[in-house]
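Novice: Pasting the sequence and the predicted coordinates here, then a few questions.
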There are 2 protein chains.
Amino acid sequence: MSGSLVLALDAMGGDNAPDMVVAGANVARVRYPNLQFRLFGNSEKLEKLLRRFPKLAQVATVVASETVIEASEKPSQALRRGRQSSMRLAIDDVSEGKARGVVSAGNTGALMAMSKIVLRTLPGIHRPAIATMFPTTRGESVMLDLGANIECDAENLVQFAIMGAAFARSVQGVRRPTVGLLNVGSEESKGHEEIKRAAQTLREADLPLEFHGFVEGNDIADGTVDVVVTDGFTGNVALKTAEGTASMYTGFLRATFRRSIFSKLGYWMAKPALLALKRRFDPRRYNGGMFLGINGIAVKSHGGTDALGYANAIGFAVDMMTQGFNEKVIRDLESLDQGAKDAAEAAAQ
Amino acid sequence: MSGSLVLALDAMGGDNAPDMVVAGANVARVRYPNLQFRLFGNSEKLEKLLRRFPKLAQVATVVASETVIEASEKPSQALRRGRQSSMRLAIDDVSEGKARGVVSAGNTGALMAMSKIVLRTLPGIHRPAIATMFPTTRGESVMLDLGANIECDAENLVQFAIMGAAFARSVQGVRRPTVGLLNVGSEESKGHEEIKRAAQTLREADLPLEFHGFVEGNDIADGTVDVVVTDGFTGNVALKTAEGTASMYTGFLRATFRRSIFSKLGYWMAKPALLALKRRFDPRRYNGGMFLGINGIAVKSHGGTDALGYANAIGFAVDMMTQGFNEKVIRDLESLDQGAKDAAEAAAQ
């Protein structure tokens, strides 16, 4: 196989690491036969686990690391003290060209800080963003930023739009994704200065995306656009609000079916349909926080996920590698710059 | 009855006005026998409607107004051109002391702009905020601001906390409400400067509330705190995101029960329990955007609600009037100022 499909896994990150990571890699191995893994962590434990998965062992290399970044560590601490950690060595592996991407279910802030420092950002990208896919009424959409940047200016938001659209094209196969800026109303006069300036740029730019304009909170679940763009503060709150609401609803539904003997019977009658509904919203399907704008591929898995969820996070990394996500972003940024230059020249004449 | 329980209704605001407004007032009349209404709008239509509700007619006065603020009008337009509108005259009524509060299902931006200009803010309040109640896993909570202030500083957030807690004490009967600042994490180091400064003030102040610290998006539906405080941009997005998610879930559930003959049967078996669930989330129960910080009582009803929802919005106005909401806010602001002075003096000695 080509050396380009090697993935570095932080095998010690996550609630049930390294077992869950190795089991997840084994699921991904079946889905992506060209993939090779470099597993960073406690070599004794990892070698022992690999004995359970002989086929995975054929495409996996164990790289010993001494320490683990704790979930409670601040990014600054992790940067200083985590140089020999499984997470850091996995990221170093990408910068050294031994792997094309890294997946970790460990500390999000540490993973972002280390990825930025070690791999740096793509040429022209000011700030990387965290993106995720989520289920909507119409299918699936992607939203960013989810917390990497608490405050964002117009240029950041425009770059997020470009990266989100490139993700939708690469991973979801949407030819020309629709993009919306999250705001408090859909009229052009709504919102703060930065979001209005970002809208202005996106309206005028010639990019491989369809700028829809402003969208509101309810448009997230409605699936009004393929890509929802917002600052990291709002995006983080919106995503967690949606998760909390879904979980409240599920909890009440469960209690509802337990209310009486009739509702219990009703549950059993409707069970296949209800299980289909549950699968539709299965968080493992959407398990992957993609670090967009990093000069390399970095995906954060949810810490509490299982093998199936981890395999899905690996899948996002594979799609971004094989579909040339970073190359698309670089090309679109150049086209945006060229457009701005052309407009300035035309205005000067 | 005492003259203090007179409410001015913008009878022309809302999708089904004035019918829905008059029918809603009639529902509220039964609940609050001491209430009197002043109905602003087309007197011919209103007199005709009142003939259907003779008992309401006994406690209602029709005040003729010439124009109506349209849903699409900008606040600035409404201020200039709407001086003879039903909405404006109803607000004027409060400033002239003929009514204690105003309820409208019309244009939110216009209602806020006019209320601020005509009634002004409570002494010490820099900016009014819009608050609403919503269902949670544990019961009901209140959130503000929902869109009146796109950008907020630390002092605004502290004042929102005081107003939200005073609302929970007045309307929900919570003796000492818990208050959380909406943020991207619960640790003290999270978030931007203004939110950290607001947290610092709330941690040190001696107020009739329990400051919980930072809360995250999922804490909204979890009901972690009685009062969720945030800027108007984030609050607006969060509320609409929660509404959109709930509506997506309901839509999928409906489709799920239609999937097969078995799931349809299951629905019929579980129907009483499912209807109870529906009632639990009935948006009419939470119909009321309270304008907190206005020197007077102003409540915005959802434009598309029915008589029952409108009666609930009236109920919020009644509770705020009878429970001395504004007096509580003034007292708490004074106590905050006194605390700051005492601390400054102690520091100077």
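Specialist: Now that the structure is in, tell me what you want to look at.
Novice: nearest residue to the residue in the stretch 51-200 of chain A that chain B sits nearest to other than its sequence neighbours?
Specialist: As assessed by CB to the nearest CB, chain B sits closest to A:Val184 within the stretch 51-200 of chain A, at 4.3 Å. Glycine gets a C-beta too; all of them are placed from N, C-alpha and C. For A:Val184, ignoring the flanking residues on the chain, the nearest one in space by CB to CB, 6 or more residues apart in numbering or on different chains is B:Asn236 at 4.3 Å.
Novice: For that neighbour, the count of nearby residues, please.
Specialist: By the criterion of other CB atoms under 10 Å in any protein chain shown, B:Asn236 has 24 neighbours.
Novice: Could you list the buried residues of the helix or strand where it lies?
Specialist: Of the helices and strands defined by DSSP states H and E, B:Asn236 is found in helix B:232-257. Of the residues in helix B:232-257, those with enough neighbours to count as buried (16 or more other CB atoms under 10 Å in any protein chain shown) are B:232-249, B:252-253, B:256-257.
Novice: and what of stretch A:316-325?
Specialist: A:Phe316, A:Ala317, A:Val318, A:Asp319, A:Met320, A:Met321, A:Gln323, A:Phe325.
Novice: Stretch A:86-106 now?
Specialist: Of the residues in stretch A:86-106, those buried (16+ other CB under 10 Å) are A:86-95, A:99-106.
Novice: Out of those, list just those in strands.
Specialist: Applying DSSP state E to the buried residues of stretch A:86-106, the entries found in strands are A:Gly101, A:Val102, A:Val103, A:Ser104.
Novice: nearest to A:Gln338, of those residues?
Specialist: A:Gly101 (28.8 Å; CB to CB).
Novice: Does the closest one touch A:Ala8 like I think?
Specialist: Yes: contact between A:Gly101 and A:Ala8 holds when scored by CB atoms under 8 Å: they sit 7.1 Å apart.
Novice: Common neighbours of these two, please.
Specialist: Among the neighbours of A:Gly101, those also in contact with A:Ala8 (CB atoms under 8 Å, 6 or more residues apart in numbering or on different chains) are A:Val94.
Novice: Listing request: residues of chain A with sub-threshold pLDDT.
Specialist: In the prediction, chain A carries residues with pLDDT under 70 at positions A:1-4.
Novice: surely A:Asn26 meets A:Phe53?
Specialist: Yes: under the criterion of CB under 8 Å, A:Asn26 is in contact with A:Phe53, at a separation of 4.6 Å.
Novice: sorry, back to before: could you work out the most separated pair of the ones in strands among the buried residues of stretch A:86-106?
Specialist: Considering CB to CB, no two members of these lie farther apart than A:Gly101 and A:Ser104, which are separated by 10.7 Å.
Novice: Which neighbours do the two have in common?
Specialist: Counting by CB under 8 Å, 6+ apart, the shared contacts of A:Gly101 and A:Ser104 are A:Ala298, A:Val299.
Novice: Please enumerate the helices of chain A.
Specialist: All helices of chain A, identified by DSSP state H, fall at A:19-31, A:43-50, A:54-58, A:75-81, A:86-95, A:108-119, A:154-171, A:193-204, A:217-222, A:232-257, A:261-280, A:307-322, A:325-348.
Novice: counting contacts, what elements does the first one pack onto?
Specialist: Packing contacts for helix A:19-31, counted by 3 or more CB pairs under 8 Å, 6 or more residues apart in numbering or on different chains; DSSP states H and E, involve strand A:6-10, strand A:36-41, helix A:43-50, helix A:54-58, helix A:307-322.
Novice: switch the cut-off to 7 Å
Specialist: When contacts are defined as 3 or more CB pairs under 7 Å, 6 or more residues apart in numbering or on different chains; DSSP states H and E, helix A:19-31 packs onto helix A:43-50, helix A:54-58, helix A:307-322.
Novice: Tabulate those (JSON lines), appending distance to B:Ala298.
Specialist: Converted to JSON lines, the helices and strands packed on helix A:19-31 look like this (distance: least, CB to CB, whole Å):
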{"stretch": "helix A:43-50", "distance to B:Ala298": "64"}
{"stretch": "helix A:54-58", "distance to B:Ala298": "65"}
{"stretch": "helix A:307-322", "distance to B:Ala298": "48"}
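Novice: Can I get the ones you listed in JSON lines including distance to chain B?
Specialist: Shown next, in JSON lines, are those (distance: least, CB to the nearest CB, whole Å):
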{"stretch": "helix A:43-50", "distance to chain B": "30"}
{"stretch": "helix A:54-58", "distance to chain B": "35"}
{"stretch": "helix A:307-322", "distance to chain B": "18"}
